[in-house]
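Student: I'd like to go over a predicted model; first the sequence, then the structure.
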Amino acid sequence: MHQVEIATTQETLLDSPEMVLNMGPQHPSTHGVLRVILKLDGETVIDLDCDIGYLHRGMEKIAENRMYTMIAPYWDRLDYIAAVSNGLVWVETVEQMMNLPVPRRAHYLRTILTELNRIASHLLWLATHALDIGAVTVLLWALREREEILKIFERQFGARLTCHAWRVGGMPNDAYDGFTEDVQQFVNNFPTRLDEYETVLSENRIWLSRTVGIGVISADEAVAIGLSGPALRGSGVAWDIRKSRPYAAYAEMDFDIPLGENGDTYDRYLVRLEEMRQSRRIVNQALENLPDGPVNAKLPKIVKPPVGDYYHSIEGPKGEIGCYLVSDGTAQPWRVRVRPPSLINLQALKQLCLGHLVADVVAIIGTLDIVLGEIDR
Amino acid sequence: MLFFAPIEFINQLLLKFFSGDTINHFIWPFIQIGLVVTLVAGWVAYATYLERKISAFMQARLGPMRVGPWGLLQPIADGIKLLTKEDFIPEKADRWIFFFAPYIAVAAAFITFSVIPFGPDWAVITDVNIGLLFVLAVSSVGVLALILAGWSSNSKYSLLGALRSSAQMISYEVAMGLSLVGALMFARTLSLSGVVHAQQLDSVWFFVYQPLGFLIFLVSGIAENNRAPFDLPEAESELVAGFHTEYSGFRWSLFFMAEYAAMVIVSAVAVTVYLGGWYFPFVYRYTEANGYHNLYVIVSLLVFIFKLLAILYLYFWLRWTLPRFRYDQLMDIGWKWLIPSALINIVISALAIFIVQALNGWRGIKTIESLSSGLDLTPIGKALMIVMGLAGLGLTGLSLARINWRSRDFNLKNQRRNIRLVNVPSGKPAVAPIVPAASEG
């Protein structure tokens, strides 16, 4: 209920006060309930602050009161767009603490399905990023392809989004009949579809002018902030946990890491598109060499990791998803801590946005590919 | 012509009560105005349907399908919904301005229809001799509505939207007005019917002589209407809904109506000035020349509507294909590209007309048939004019490229770099060594 200050003297009329704009938590393109407090001079951002926590559910605290096997579905709700990857980090952490030998076939299926999930997550990123910049049609095209992946998930796990895909020690079921054909069909169709997006966006003058040179971050700064995933590789740092510390069956896969040069929005866009191609390559390889055998390890009745702590991380679609687990030898974890890639990538927002316009803030939030379920946990 | 009997009948009936003058000056315009307002309002409703269908086909989906066959009743359902919705006025809003802004928008958009020649003879409400000026003047009143709406809402998003729209529409109006000057030099009149007559006389649509002017007009027309890729005032991903963020229900639908009506007006002016209006080859010869006057009017009307739809389709197409410009880039395009090229276009058109006139009679070359109304050229004159129009297009492109050589956005394709692919050796696996399948069983 404050009155608008009316400038009376010539001096105050000339330097008009800057405007504070609350973007969110209800805003079409903050990708959830992120609240960004912008200080604007005209439309130029001169200061920025993020307010998070609108989606806080206390996941880590909940996990302290659940059995190890019961926590996995909660992990799906962290990054609900990449539930399969999130589930994987939990079960792998527990498996490694207990030193469980997971069957080879399970590892391969995990590789295939997490890579499909990476494609799905990147497709959703592309859809929303393009929508933020104003290209509406790409949204529907990308969702069409994502739908194919979600159909595979639905047949395999019984759910489309929050799949509860894995169990400690392997998988709930073997691949369903026709899994190979479905995945193969998707893999065959996908490149032409990706080329379609490239036709609409990559060479588009407006797209270029909206993304080239926007939100530039150098490799050193990116490392200093702790960026990971495509946001880091867009700046030219060759860091990919699938390579540096392979999990699942990635050690046996042959794939490349795409690296950007400028660290701007356009590079991150290209990196993600190329990552989808590489993911397709991995899926193809894994599908060809898919071994036979069981998909579940023999598990004790109650999962009880030995006393100690363990950190394991995987390369999620948005960056390094880590899980730090402290066990006191009981059936419930003593403390769980998630390293959410979105939260840490979001820390770069201020640095990226300063000096840009309001429209760029939207583009930069899009290019960081945040998901609020993971930031707030 | 049994088909036109009702029209004749009504005319006879009216003559019994009123004098011929009254009918011509009062009754007939009222019928026309009523028809145009109803039809345009109906068009606005069905334009949303059309846009949703077209966008749906572009996006591999079906669009509205539930209400009526192929969703044909969807606009009516939408209309009922909007009319029965709560008309919400924010507590802090400036009530009266908030109240009136949508009416200004709609009025400004609808008044302009009075001078648009939908067809010859009775298909035009009034033929003002400064028609084009009238269109530009009244449609710029529409900016006022957006500014008032954004200001009175007392919301920051609305204010930003209003600021953007005022800057955008004012700067693009300049380019729009300047781009028309070239075509007017050929038409030698500001009356919209006169422009069509000039094209009919010359039997050439002016976009052939004025390719550059046509392009500038189309682009600035899109910007003037706040359509994508220039839809910054209502950019939903940045400003929620821009100047009409706080509007709901009926008042919101008025803004919506104004937007679509303005879109029709800009397309109608583009059609009239550059695409020959209701003129189409051979129509006159097979209808009016044989004595079917009303048929001539109606066929011309259909021709006009068809051309209008073609331009509108272009608008829809662009909207669903292109990303959105940023505010400063939009200003760059307006001031660094469109306005200079519109100025160059004026000079080049004037030069072209001068050359064609000067060549007339030189060494027996005949370029001009007559100069009575509009420019009636011989085939040689036409060819010269077309060549010079195309040369002007190239010349303008080159000179603008020279001017904008140093700007950041000049050649972005060269600025883009390709990403590189690296294959780093794998590190120590995090996962315990994979147990071979054989030892499992």
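Tutor: Great, that's in hand.
Student: Tell me the buried residues in the strand or helix carrying A:Thr114?
Tutor: Following DSSP states H and E, one finds A:Thr114 within helix A:104-133. The neighbour-count check on helix A:104-133 (16 or more other Cβ atoms under 10 Å in any protein chain shown) flags A:104-133 as buried. To be clear about C-beta, it is placed using only N, CA and C from the backbone, and glycine gets the same treatment.
Student: From A:Gly24, how far off is A:Leu368?
Tutor: Using Cβ to Cβ, to the nearest Å, A:Leu368 is found at 15 Å from A:Gly24.
Student: go on, A:Leu139?
Tutor: 20 Å.
Student: who's more crowded, those two?
Tutor: A:Gly24 (21 against 18; other Cβ atoms under 10 Å in any protein chain shown).
Student: next one: phi and psi at the more buried one?
Tutor: phi 90, psi -180 (degrees, to the nearest 10).
Student: separation between the closest residue to A:Pro73 other than its chain neighbours and chain B?
Tutor: Excluding the flanking residues, the one nearest A:Pro73 by Cβ to Cβ, 6 or more residues apart in numbering or on different chains is A:His164, at 4.6 Å. According to Cβ to the nearest Cβ, to the nearest Å, A:His164 stands 21 Å off from chain B.
Student: pull the CA atoms of the helix or strand in which A:Arg335 is found into CSV?
Tutor: Per DSSP H and E, A:Arg335 falls inside strand A:333-339. Output in CSV follows, covering the C-alpha atoms of strand A:333-339 (Å, rounded to 0.1, in the frame of the first residue of the first chain):
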residue,chain,number,x,y,z
PRO,A,333,19.9,-44.1,6.2
TRP,A,334,21.3,-41.8,8.9
ARG,A,335,21.7,-38.9,6.5
VAL,A,336,21.1,-38.4,2.8
ARG,A,337,22.3,-35.5,0.8
VAL,A,338,21.6,-34.9,-2.9
ARG,A,339,23.8,-32.8,-5.1
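Student: now for the helix or strand following that strand, which elements pack on it?
Tutor: Proceeding N to C from strand A:333-339, the next assigned helix or strand is helix A:341-346, under DSSP H and E. Packing contacts for helix A:341-346, counted by 3 or more Cβ pairs under 8 Å, 6 or more residues apart in numbering or on different chains; DSSP states H and E, involve strand A:319-327, helix A:358-368, helix A:372-376.
Student: Of these, which stretch is the most buried?
Tutor: Most buried of those, by mean neighbour count (mean count of other Cβ atoms under 10 Å in any protein chain shown): helix A:358-368, with a mean of 26.
Student: right, is that helix up against chain B?
Tutor: Yes - using Cβ under 8 Å from any Cβ of the partner chain, helix A:358-368 reaches chain B at A:Val358, A:Ala359, A:Asp360, A:Val361, A:Val362.
Student: any idea how far that helix is from the chain center?
Tutor: 16 Å (Cα atoms, centre = their mean, to the nearest Å).
Student: Can you name every helix or strand that it contacts?
Tutor: Using 3+ Cβ pairs under 8 Å, 6+ apart, helix A:358-368 sits against strand A:35-41, strand A:44-51, helix A:104-133, helix A:205-211, helix A:265-288, helix A:341-346, helix A:349-353, helix B:236-239.
Student: Only alpha carbons, please: show that helix as CSV.
Tutor: The C-alpha trace of helix A:358-368 is given here as CSV (Å, rounded to 0.1, in the frame of the first residue of the first chain):
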residue,chain,number,x,y,z
VAL,A,358,14.4,-8.9,-19.4
ALA,A,359,13.8,-11.0,-22.5
ASP,A,360,17.3,-12.5,-22.0
VAL,A,361,16.7,-13.4,-18.4
VAL,A,362,14.0,-15.7,-19.7
ALA,A,363,16.3,-17.2,-22.3
ILE,A,364,19.1,-17.7,-19.8
ILE,A,365,16.8,-19.4,-17.3
GLY,A,366,15.8,-21.6,-20.2
THR,A,367,19.4,-22.4,-21.2
LEU,A,368,20.4,-23.3,-17.6
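Student: Would you mind getting the angle between it and helix A:265-288?
Tutor: 20 degrees (axes from the mean of the first three to the mean of the last three Cα atoms, to 10 degrees).
Student: What's the mean pLDDT across helix A:358-368?
Tutor: The average pLDDT for helix A:358-368 rounds to 86.
Student: Could you check the angle it makes with strand A:319-327?
Tutor: Using the same axes, to 10 degrees: helix A:358-368 against strand A:319-327 is 60 degrees.
Student: pLDDT below threshold where in the chain?
Tutor: No chain specified, so I'll use chain A. By pLDDT under 70, the low-scoring segments of chain A are A:1-16.
Student: nope, chain B please
Tutor: Short version for chain B, where the test is pLDDT under 70: B:1-7, B:123, B:233-237, B:363-365, B:367, B:369-374, B:408-409, B:411-417, B:430-441.
Student: which residues of it fall in strands?
Tutor: For chain B, strands defined by DSSP state E occupy the ranges B:368-370, B:376-377, B:420-422.
Student: looking at those, which is buried most?
Tutor: strand B:376-377 (a mean of 21).
Student: tell me what that one is packed against?
Tutor: Checking 3+ Cβ pairs under 8 Å, 6+ apart, strand B:376-377 ends up next to helix B:192-202, strand B:368-370.
Student: try 6 Å
Tutor: When contacts are defined as 3 or more Cβ pairs under 6 Å, 6 or more residues apart in numbering or on different chains; DSSP states H and E, strand B:376-377 packs onto strand B:368-370.
Student: Could you dump the helices and strands packed on helix A:358-368 into a markdown table with distance to B:Asn294 added?
Tutor: Shown next, in a markdown table, are the helices and strands packed on helix A:358-368 (distance: least, Cβ to Cβ, whole Å):
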| stretch | distance to B:Asn294 |
| --- | --- |
| strand A:35-41 | 60 |
| strand A:44-51 | 60 |
| helix A:104-133 | 49 |
| helix A:205-211 | 47 |
| helix A:265-288 | 58 |
| helix A:341-346 | 68 |
| helix A:349-353 | 63 |
| helix B:236-239 | 46 |
